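> Next input, structure requested:
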Amino acid sequence: MSPLPALLALAALTGCAATAGQVPSGPGADPGPTGLGIRSEPLPPPAPEGAPEAEEAAAALADGSSTALILFLARHPDNAAAPRVRAALARRTAPDAAARIAAAGGEAEIVAAFDAARRAGTDAAWDAFAARFGSHPLVAESRAWR
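Alright, predicted model coming up:
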């Protein structure tokens, strides 16, 4: 036997059930803007175009690690902040610590390989990177570094 009839009866007894279109009544009852007794807070305005990417760029630049900068470029290579991120990455000459690279999670291996090819700066290093990671977005980004 289904517990649904018992639950409906309990809901009706406790005032939790209403029929469709029933509007709250009584002193101080506010039917809300829809007239159905349903109210919600107004939604905030949408974020300006590109705001999340700008925040990500600012965070990557503030972090300053090669890992953070490379991850930004992998995700947003055409963003307006990408040239600044590339310039910050170009100024880095030492690799990140292993723990910092590991923080990239599933992208750690490709981030380390991209950074190694970038620091080597040779066509052979970039070719090896592209051959190993094929269709990853950083392969397209690697063309900007040749």
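
> which intervals of this protein have sub-threshold pLDDT?
The model of the chain has pLDDT under 70 over residues 1-40, 43-50.

> 80 - rerun?
1-51 (pLDDT under 80).

> quick one: the helices in it?
4-14, 51-63, 66-75, 82-90, 98-102, 108-120, 123-133, 137-142 (DSSP state H).

> Which neighbouring elements make contact with the fourth one?
Spelled out, that is helix 82-90. Under the contact criterion of 3 or more C-beta pairs under 8 Å, 6 or more residues apart in numbering; DSSP states H and E, helix 82-90 touches helix 51-63, helix 66-75. All C-beta atoms are positioned from the backbone trio N, CA, C, and that covers glycine.

> Packed most tightly, which of those would that be?
helix 66-75 (a mean of 23; mean count of other C-beta atoms under 10 Å).

> Put together CSV for the helices and strands packed on helix 82-90, with distance to E107 on each row.
Output for those, formatted as CSV (distance: least, C-beta to C-beta, whole Å):
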stretch, distance to E107
helix 51-63, 13
helix 66-75, 6
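
> closest to F114 out of the ones you listed?
Closest to F114 of those is helix 66-75 (C-beta to C-beta; 5.5 Å).

> any idea of the angle the closest one forms with helix 82-90?
On the basis of axes from the mean of the first three to the mean of the last three C-alpha atoms, to 10 degrees, helix 66-75 is oriented at 150 degrees to helix 82-90.

> I'd assumed E56 was in contact with R75.
Yes: at 7.2 Å, R75 counts as touching E56 under the criterion of C-beta atoms under 8 Å.

> Give me whichever of the helices of the chain is most buried.
Using mean count of other C-beta under 10 Å, helix 66-75 ranks as the most buried of those, with a mean of 23.
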